[in-house]
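Visitor: coords please:
(one chain, ligands or ions: 1)
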Amino acid sequence: MNLLPDKTVERLSQYRRSLNNQLSKGKTHIFSHEIANLLHITPVQVRRDIMLIGYSGTLRKGYNIQELVDLIGKIIDTDEGQKIAVVGMGNLGKAFIHYLDERGTKLRIVAAFDINPEKIDKTYADVYCFHLDRLAEIVHKEGITIGIITTPPEAARDMKFLLRDAGVKGILNFTPKPLSEEEGIYLEEYDMITSLEKVAYFVKPR
Ligand code: NAD
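Guide: The predicted structure follows:
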């Protein structure tokens, strides 16, 4: 299968969380317009995404939720799950470790890195924090494929190269410093200010 568009992958992740929630309520089938309502998008969008992954429901019952969840899992996850390193164990790094620990995804944070002696050689929600000098060694040993950057912005660029050189394949950058794309690495930026300003734009008095 060709790589899916970024936005479709984002929505598949959201569909799966919503569908799991429906499963836990005992629901077995769902129509596209119901998924659309849950996520505040159009039924056409839902049908298009689900068609893209080669699944179809029936007119009478809609989609089988368990089958759809399993298929999304096959597309997004790997069998053994992927391992993550967090670089920068400050407020955000710690919050991330605790948050992901409770999500039950196949993604696992297995190591943290920092340069502050007060953070190093400590364990946060079962995740050990190493000195940054050990990043390449631990990434290699653990088979870490994803890095999350939660350092101060000034350090972000160096962290990107460090992670790339260590063999990491994807980076989620939480600092406000935008990073340039690098060959062989998938880069995703998350900036809280951008999201907040988007909200502010849509609610500003007109
Ligand atoms: P923080 O100061 O609490 O934590 C930063 C951590 O990085 C510290 O533990 C520090 O010792 C460590 N560090 C510094 N230089 C390092 C280096 N070279 N290598 C490894 N570790 C290093 O900061 P925070 O509040 O957790 O925020 C972290 C980053 O996330 C900042 O860049 C901040 O601007 C950004 N932030 C982003 C959002 C967002 O929505 N994206 C929200 C809040 C904060």
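
Visitor: Quick check: the residue of the protein nearest the ligand.
Guide: Closest approach between the chain and the ligand, counting by Cβ to the nearest ligand atom: Gly90, at 1.6 Å. All C-beta atoms are positioned from the backbone trio N, CA, C, and that covers glycine.

Visitor: how about that residue, what does it touch?
Guide: Thr150, Thr151 (Cβ atoms under 8 Å, 6 or more residues apart in numbering).

Visitor: Is Tyr190 in contact with Phe174, as I believe?
Guide: Yes - in this structure Tyr190 lies within contact range of Phe174 using Cβ atoms under 8 Å: 5.5 Å.

Visitor: Settle it for me: which of those two has more neighbours?
Guide: Phe174 (21 against 12; other Cβ atoms under 10 Å).

Visitor: Tell me the spacing between that one and Thr151.
Guide: 9 Å (Cβ to Cβ, to the nearest Å).

Visitor: Please parse the protein into its domains.
Guide: 6-74, 82-193 (automatic domain parsing).

Visitor: Give me the contact list for the longest strand belonging to the chain.
Guide: In the chain, assigned by DSSP state E, the strand with the most residues is strand 107-114. The set of residues external to strand 107-114 that reach it, using Cβ under 8 Å, 6+ apart, is 81-89, 93, 96-97, 100-101, 119-120, 124, 127-132, 134-135, 138-139, 142, 144, 146, 148.

Visitor: Just the buried residues of those residues.
Guide: Burial by neighbour count, judged by 16 or more other Cβ atoms under 10 Å, picks out 82-89, 93, 96-97, 100, 119-120, 124, 127, 129-130, 132, 135, 138-139, 144, 146, 148 from these.

Visitor: Which of these fall in helices?
Guide: Gly93, Phe96, Ile97, Leu100, Leu135, Ile138, Val139 (DSSP state H).

Visitor: Among those, which ones lie close to the ligand?
Guide: Residues of these in contact with the ligand (Cβ under 6 Å from any ligand atom): Gly93.

Visitor: ranges for the helices of the chain?
Guide: So, for the chain - with DSSP H - the helices run 6-24, 32-39, 43-52, 65-76, 91-101, 135-142, 156-166, 192-203.

Visitor: got a markdown table for the ones you listed, with mean pLDDT too?
Guide: Listed next are these as a markdown table, based on pLDDT from 0 to 100:
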| stretch | mean pLDDT |
| --- | --- |
| helix 6-24 | 95 |
| helix 32-39 | 96 |
| helix 43-52 | 96 |
| helix 65-76 | 95 |
| helix 91-101 | 89 |
| helix 135-142 | 98 |
| helix 156-166 | 97 |
| helix 192-203 | 87 |
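
Visitor: Distance to Thr58 for the ones you listed - can I get that in a markdown table?
Guide: Putting the helices of the chain into a markdown table (distance: least, Cβ to Cβ, whole Å) gives the following:
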| stretch | distance to Thr58 |
| --- | --- |
| helix 6-24 | 16 |
| helix 32-39 | 12 |
| helix 43-52 | 13 |
| helix 65-76 | 11 |
| helix 91-101 | 36 |
| helix 135-142 | 44 |
| helix 156-166 | 45 |
| helix 192-203 | 37 |
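
Visitor: So Thr42 sits against Ile35, correct?
Guide: No - in this structure, Thr42 is not within contact of Ile35 by Cβ under 8 Å, at 10.5 Å.

Visitor: Fine by me, we can end here.
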